[in-house]
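Undergrad: I would like the atomic coordinates for the input below:
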Amino acid sequence: MQIWKQLLLLCLIVGTAYGGYYGYQTYLVSAPEAAAEAQAERPVTVEIALAEERTLQQTIEAVGTTRALQSIDIVPEADGRLTSLRITPGTRVEQGDVLARLDDTIQRADLSEAEAVLVEQRQTVERTRQLRQTAAVSQATEEEAVARLAEAEAEVERARRRLEDRTITAPFGGVVGLTNYDVGARVIEGQVLTRLDDLSEVEVEFSLPETVFSQVRPGQTLIARSAAFADRIFEGTLDVVDSRIDPVGRAFRTRGRIPNTDGTLASGMFLALTLVLSESAHVTVPEEALIFQAAETYVFVVADGKANRRIVTSGQRKDGQVAILSGLEAGEEVIIRGLQRVRDGSVVKVLGADADATAKTDLAKPESAT
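TA: Sure thing, here's the model as predicted:
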């Protein structure tokens, strides 16, 4: 009786173990595999974007302050009283335009006197030469008369220059600034009447780090923005690159020019600058298409309704786009959303593809006669 019970107990244990093993294989192992197979066959909904060829710019940012192409202080070259003032702040003048005049009564009289002396000396020289031909005067007398003539000519030039100094003109075309003087005011030599700025172009000086010294050269495109004109972009060129690098700041100075024919930019304005170092064409994709795993970078390319894993080499990033240096051609479709469930070889359903296909079919149908 005791042996029979033991055999029965052993059979129960063996049966229970076999049932557990069978259930494990059937439900815990086979079920996930079956679910995975079913999942693999079910299309994964994704969004795609086209790989496109774009021109990408390598740029560097900087800040600078504008200054006029030419800028001087307008000052009188003599003391005197203002008899005419033609300075209207903010207006443009051309080279040679009269800006102010000083009282020139004395200077005109001096010039007239000098010219009269010059006429007299010329006559004296003429008479002396005639007398010299008859030996009535010595050669020394003739030479003395010629010397006095030269002095008279020089005095006329000095008198004419002193008279010209009473008229103040614009040395170049530009915009005049403010003035604190009125007609009748007395001014002294060197006293600033106003400023004259040539704003047909503006210069902007800025510093760049030495790390880009080898990439910077005159003629590169310079893009500028001003807080005063938030809706405008100003474009110019790099004009000068300094030959020295500051050993303390590890930077070098550069200077650009920006056309300003409408006079929008004023001298002294703060500008945010973008210098274009280079431009190159690359196949690009949106940043969200890239997947990074260990040392590899890859994308999923959609072809024939399936996702194909493609290893790529990425480059410069700009405005949400990434340059693809190798591994992808322009026009190929890459997945940008729904990547979490995508595997190599997964069947995919492109979001919006059915609607696009329906639209294309409707467009292809002939219109019914009315």
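Undergrad: roughly how far does the residue positioned nearest the centre of the chain sit from residue 196?
TA: With distances taken as C-alpha atoms, centre = their mean, residue 223 lies nearest the centre of the chain, 1.6 Å away. Using C-beta to C-beta, to the nearest Å, we find residue 223 at a distance of 29 Å from residue 196. Backbone N, C-alpha and C define where each C-beta goes, glycine included.
Undergrad: ok so, going back, please tell me how far the residue nearest to the centre of the chain sits from residue 232.
TA: From residue 223 to residue 232 the distance is 11 Å (C-beta to C-beta).
Undergrad: my guess is residue 338 contacts residue 48, does it?
TA: No. With contact taken as C-beta atoms under 8 Å, residue 338 and residue 48 are classed as non-touching, separated by 9.2 Å.
Undergrad: output the contacting helices and strands for the longest strand seen in the chain.
TA: When the chain is parsed with DSSP state E, its longest strand is strand 52-74. Here strand 52-74 touches strand 174-176, strand 194-209, strand 251-259, strand 270-286, strand 313-318, strand 321-326, going by 3 or more C-beta pairs under 8 Å, 6 or more residues apart in numbering; DSSP states H and E.
Undergrad: quick one: contacts of the shortest one?
TA: In this case it means strand 174-176. 68, 70, 74, 87-93, 99, 170, 194-200, 263 (C-beta atoms under 8 Å, 6 or more residues apart in numbering).
Undergrad: what's the neighbour count on residue 307?
TA: The local packing of residue 307 (other C-beta atoms under 10 Å) involves 26 other residues.
Undergrad: same check on residue 329?
TA: 10.
Undergrad: now the phi/psi pair for it, please.
TA: Note on residue 329: backbone dihedrals following degrees, to the nearest 10 are phi -110, psi 150.
Undergrad: contacts only, for it.
TA: With C-beta under 8 Å, 6+ apart, residue 329 has these contacts: 51, 283.
Undergrad: separation between it and residue 63?
TA: For residue 329, the distance to residue 63 - C-beta to C-beta - is 40 Å.
Undergrad: how far out from the middle of the chain is the longest strand of the chain?
TA: 4 Å (C-alpha atoms, centre = their mean, to the nearest Å).
Undergrad: orientation of that strand relative to strand 313-318 in degrees?
TA: Taking axes from the mean of the first three to the mean of the last three C-alpha atoms, to 10 degrees, one finds strand 52-74 and strand 313-318 inclined to each other by 40 degrees.
Undergrad: kindly format the C-alpha coordinates of strand 52-74 as CSV.
TA: In CSV, the C-alpha atoms belonging to strand 52-74 read as follows (Å, rounded to 0.1, in the frame of the first residue of the first chain):
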residue,chain,number,x,y,z
GLU,A,52,16.8,67.6,-51.3
GLU,A,53,19.8,69.3,-52.7
ARG,A,54,20.4,72.7,-51.0
THR,A,55,23.1,75.3,-50.9
LEU,A,56,24.3,75.6,-47.3
GLN,A,57,26.4,78.5,-46.0
GLN,A,58,29.1,78.2,-43.4
THR,A,59,28.9,81.5,-41.4
ILE,A,60,30.2,83.2,-38.3
GLU,A,61,28.4,85.8,-36.2
ALA,A,62,29.9,89.1,-35.0
VAL,A,63,28.8,92.6,-33.9
GLY,A,64,30.1,96.0,-35.1
THR,A,65,29.4,99.7,-35.3
THR,A,66,28.9,101.7,-38.5
ARG,A,67,30.9,104.7,-39.5
ALA,A,68,30.7,106.9,-42.5
LEU,A,69,32.8,106.2,-45.6
GLN,A,70,34.2,109.7,-45.2
SER,A,71,33.6,111.9,-42.2
ILE,A,72,35.2,115.3,-41.3
ASP,A,73,34.6,118.4,-39.1
ILE,A,74,33.8,121.5,-41.1
